[in-house]
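**Q** please work out how this folds:
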Amino acid sequence: MSFVGIFLVIFQGELNLQIYPIGDLLCILAGIIWSVYTLVLEMIFARFKGISHLVILKRIFFYGLLFTLPFTLYQSGILQGDFHTLQDSARYLKVSNLTNLLFLGLIASGLCYLSWNASLKLLGSLKASAYIYSVPVIGVIAACVSLGEALSVYIIIGGILALLGLFLSQRG
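**A** Predicted structure coming up:
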C-alpha cells in the first residue's frame, strides 16, 4: 500500500518514465548502501549494548572522516602539490557559507543520523526501515510550506496511502 502511495506521489498520475542509467544506478547503489549501513548498525548495537548510540555515531563519523580525507586531499590537488585551493579557502569564512556548512554538518547530517540511530536502536531495523516510506511525504509537505509548491489530488491520495501503509505495518 505504501509503495502505491509513493508511486502516486512521485509520478502524480502520469507514467512518464525516463531512464538515466548513471543516475538510476547511483540511486540503487545508495539504497543498497543504506540497507547495509542499517544492518551493520543493528549488529553493532547488538554487540555493544551498553554503549550509547551517540558514542557509536561519533565513531562512525570519525572513521568516515578518516576514510574520505585522502579522497578530499586528492580531489583538491593538494596531494599533487597544488596549494592554490588553500588560498581559495577564504570563501568558507563568509557568514552565509559558514552557516550553510554548519547546518549541513550539524542538522542535516548529525541530527538526522542521530535520530535514525536512536530509532533503529529503539524499534529494530524492520520497523524503523518502514518509516523510509514517510520521506517523500515529508518532502512534499516541506516543498509546499517552504517553496509554495501546489498540492495535487495524486499527491494527497498518495500521501494518505503511504502513511496508511506505514500505520498498518507498525500495528503488529
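**Q** the most far-flung residue of the chain relative to its centre and residue 73, how far apart?
**A** The outermost residue of the chain relative to its centre, with distances by CA atoms, centre = their mean, is residue 81 at 34.4 Å. In this structure, residue 81 and residue 73 are separated by 11 Å, where distance is defined by CB to CB, to the nearest Å. From N, CA and C alone the C-beta is placed, and that goes for glycine too.
**Q** next one: residue 116
**A** Per CB to CB, residue 116 is found 29 Å from residue 73.
**Q** who has more neighbours out of the two?
**A** Just comparing residue 116 and residue 73: by other CB atoms under 10 Å the higher neighbour count belongs to residue 116, 19 against 13.
**Q** ok, that one - contacts?
**A** Taking CB atoms under 8 Å, 6 or more residues apart in numbering as the definition of contact, the neighbours of residue 116 are residue 128.
**Q** ditto for residue 80
**A** Counted by CB under 8 Å, 6+ apart, residue 80 has contacts residue 74.
**Q** cool, and the one 4 residues further on?
**A** Applying CB under 8 Å, 6+ apart, we find residue 84 in contact with residue 77.
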